[in-house]
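Peer 1: Build me a model:
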Amino acid sequence: MTNLTVTIAGVTFDARFEEEAAPKTVAAFRARMPFIGQVVHVRWSGEGVWIPLGETDFGVGYENHTSYPAPGQIILYPGGISETEILLAYGGVHFASKMGQLAGNHFITLTSGLDRLAQIGPKVLWEGAQDIRFELA
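Peer 2: The predicted structure follows:
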């Protein structure tokens, strides 16, 4: 089921909210849609891109959290020992910061175009920050 589209660097993916597993995170994020930002390449986590959100407070704690999102999974780190962020795995990820291992709430999964996902990471790494947009389908 497609609930939303995610467009990164001009490439659009269908996606679904993980409403049963992360209902509070989904509700908090949905209230801010459309959500527009920029992704940069991760520093410590491996093959992923992230949206640094500083002190942004989504008002949620941990639910459906993981340190190892699979390619196409999007997680929200609600803040704490590191800044709030949204991370998209495009390959192998062990979610971490300079403070050590973190866990984020898996709340969105890309459902189409996963074969194009691998081009996003190197583009962000070599060309710099890229636009990202989350919209309801």
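Peer 1: which residues sit in contact with Gly100?
Peer 2: Ile81 (Cβ atoms under 8 Å, 6 or more residues apart in numbering). C-betas here are computed from N, CA, C, even on glycine.
Peer 1: Apply 10 Å and report the result again.
Peer 2: Contacts for Gly100 were tallied using Cβ atoms under 10 Å, 6 or more residues apart in numbering; they are 44, 81-82.
Peer 1: Can you pull the phi/psi pair for the residue nearest to His65 when sequence neighbours are not counted?
Peer 2: In space, and not counting its chain neighbours, His65 is closest to Ala103: 4.1 Å by Cβ to Cβ, 6 or more residues apart in numbering. The phi and psi values for Ala103, taken as degrees, to the nearest 10, are phi -140, psi 140.
Peer 1: Closest to Ser67 out of the contacts of Gly100?
Peer 2: In terms of Cβ to Cβ, no member of those lies closer to Ser67 than Trp44, at 11.7 Å.
Peer 1: Please identify the buried residues of the top helix by length along the chain?
Peer 2: For the chain, the helix that runs over the most residues, judged by DSSP state H, is helix 114-127. Buried residues in helix 114-127, counted by 16 or more other Cβ atoms under 10 Å: 117, 120-121, 123-124.
Peer 1: before we move on, back to that, count of neighbours near the residue nearest to His65?
Peer 2: By other Cβ atoms under 10 Å, the residues close to Ala103 number 18.
Peer 1: residue contacts, the residue nearest to Glu18 when sequence neighbours are not counted?
Peer 2: Once flanking residues are discounted, Glu18 sits nearest to Phe107: 5.2 Å by Cβ to Cβ, 6+ apart. Taking Cβ under 10 Å, 6+ apart as the contact definition, Phe107 lies against 17-19, 21-30, 58, 60, 63-65, 73-76, 86.
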